[in-house]
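[1] Mind folding the following:
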Amino acid sequence: MSDGFPEKTITQVYGDFATGKTTLCLQLCSQSFKIGKKSIYVDTEGSFSPERLLQINPEMDLKKILVFEPYSFEDQCEVLEKLEETVDDEIGCIIVDSMVSLYRLKGGTYDEKRDLNRLLGKQLLNLSKIARNYNIPVVITNQIYEDFDNGITPLGGSVLRYWSKIIIKLEKIPEKIGQRKATLVKHKYKKEGDFCEFLLTDAGII
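    Numbering: from 1, shown residues only. This next block holds a predicted model:
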């Protein structure tokens with residue numbers, strides 16, 4: 001698929017609030033529609049906006065997007081476990097925005113956290129299988145936290161990093177209003193550390 005999201009692959013996009021993660025996801029839905037495909041959008045944060053999508057692409061047919069809204073990590077497990085039942089040749093992409101917002105709400109003991117990581121890994125395994133079986137891109141968004149040793153770090157640790165074959169970091173550029181920076185943190189064959197700058201506009205990403 002165009003716009004930089006390869007098929008058969010999970011791409012992770014992480015960054016702070018308002019860096020363009022959801023806009024990027026909505027623009028991918030628009031691109032999928034333009035090539036005659038539907039999209040699946042798993043919205044765990046209530047961030048999916050039909051109005052914003054129509055702003056990006058006024059020709060968009062909202063019936064071409066299947067939206068799932070899990071309200072707990074258990075709901076998310078169920079949605080992603082059964083997701084392949086919804087996928088067919090008409091689906092052009094799958095988006096999970098975000099992968100960890102419901103996961104991070106779960107606390108508990110070491111053993112409970114280990115079980116959560118196991119369930120998260122199972123969800124990502126299912127997404128990876130779907131991406132490969134149906135030759136489509138899967139894009140997941142991720143949140144960040146500040147680690148005293150490593151600075152700004154994406155959530156999900158080694159589980160998300162392992163299953164995400166491509167990882168992109170989004171950042172604001174303080175001195176340039178509306179401008180953002182996308183940096184390749186991990187890629188299968190492109191140079192890590194390469195970056196580009198882009199604008200967030202009413203029409204999406206430019």
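
[2] Give me the distance between the most centrally placed residue in the chain and residue 154.
    In the chain, the residue lying closest to the centroid (CA atoms, centre = their mean) is residue 140, at 2.1 Å. Plainly put, residue 140 is 10 Å away from residue 154 if you go by CB to CB, to the nearest Å. Bear in mind the C-beta positions are built from the backbone N, C-alpha and C, glycine included.

[3] what residues do those two have in common as contacts?
    Counting by CB atoms under 8 Å, 6 or more residues apart in numbering, the shared contacts of residue 140 and residue 154 are 12, 160.

[4] count of residues packed around residue 197?
    Per other CB atoms under 10 Å, the neighbour tally for residue 197 reads 11.

[5] what's near enough to touch it?
    173, 176, 179-182.

[6] which pair in the residues you listed spans the largest distance?
    By the measure CB to CB, 176 and 182 form the most distant pair in the contacts of residue 197, at 13.7 Å.

[7] Mind giving me the PyMOL command for buried ones among the contacts of residue 197?
    For the buried members of those, the matching PyMOL selection, counting by 16 or more other CB atoms under 10 Å, is:
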select buried, resi 180+181+182
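
[8] From residue 47, how far out is the residue nearest to the centre of the chain?
    13 Å.
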